[in-house]
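Engineer: need the 3D shape of this:
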Amino acid sequence: MPFNIPNLITWLRILLIPVFVVVFYLSNETADPHLKNLIATAVFLLASITDWLDGYLARKLDQFSAFGAFLDPVADKLMVAAALIVLVKLGRADAIIAFIIIGREITISALREWMAKLGESKSIAVSMLGKIKTTFQMIAIAMLLYHESLLGVDCQAIGSLLLYLAALLTLWSMGYYLMLASPKLKKHLN
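Structural biologist: Presented below is the predicted three-dimensional model:
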């Protein structure tokens with residue numbers, strides 16, 4: 001396991017997950033709900049920024065590694081799953097939406113692993129649709145974590161709408177990846 005700057009940043013993102021979750025288990029005497037929302041949103045946004053930063057630094061410093069390529073999407077999926085579970089528990093997101101998003105992530109991860117074993121991993125590389133889906137998802141989750149009005153904007157209402165849009169994009173992108181993989185899978189199943 002190479003210890004380079006991008007991989008260390010990815011590990012930081014993974015270490016932020018328990019910090020993020022623990023915030024909501026603090027008593028209201030320890031931290032009032034507004035402070036908990038603010039801290040959780042800040043931690044989630046920091047994790048989102050490190051997702052971009054580790055990829056940028058890997059390219060800029062030429063510090064790519066097979067381990068980093070494996071760990072980065074795992075860290076992303078763990079953070080998103082943790083956030084969605086917390087949001088469902090708090091009543092800020094629907095369980096079915098969380099199931100769709102988490103289920104898609106598991107399905108596409110399994111598909112990518114299978115395609116890699118078949119030597120066809122390039123056929124389902126990350127697409128622009130996947131990046132748009134991720135952007136909607138991250139903004140929605142941040143707004144739902146904050147949960148309060150910000151500069152007159154109802155973060156809960158806008159975040160909910162964006163999360164539903166992210167779920168639609170999630171299903172669309174899953175269909176797209178399955179469509180791309182289908183010919184390769186048929187070739188290897190026959």
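Engineer: which other helices and strands contact the one helix or strand Gly103 maps to?
Structural biologist: Using DSSP states H and E, Gly103 sits within helix 95-117. Counting contacts by 3 or more Cβ pairs under 8 Å, 6 or more residues apart in numbering; DSSP states H and E, helix 95-117 is packed against helix 66-89, helix 155-189. All C-beta atoms are positioned from the backbone trio N, CA, C, and that covers glycine.
Engineer: only the buried residues of the helix or strand just after it, if you could.
Structural biologist: Per DSSP H and E, the first helix or strand lying C-terminal to helix 95-117 is helix 128-146. Applying a neighbour-count criterion of 16 or more other Cβ atoms under 10 Å, one finds 130, 133-134, 136-146 buried in helix 128-146.
Engineer: so who does Leu169 touch?
Structural biologist: Leu129, Ile132, Lys133, Phe136, Gln137 (Cβ atoms under 8 Å, 6 or more residues apart in numbering).
Engineer: how close does the last one get to Asp54?
Structural biologist: I take that to be Gln137. 18 Å (Cβ to Cβ, to the nearest Å).
Engineer: kindly report the same for Leu84.
Structural biologist: According to Cβ to Cβ, Leu84 and Asp54 sit 22 Å apart.
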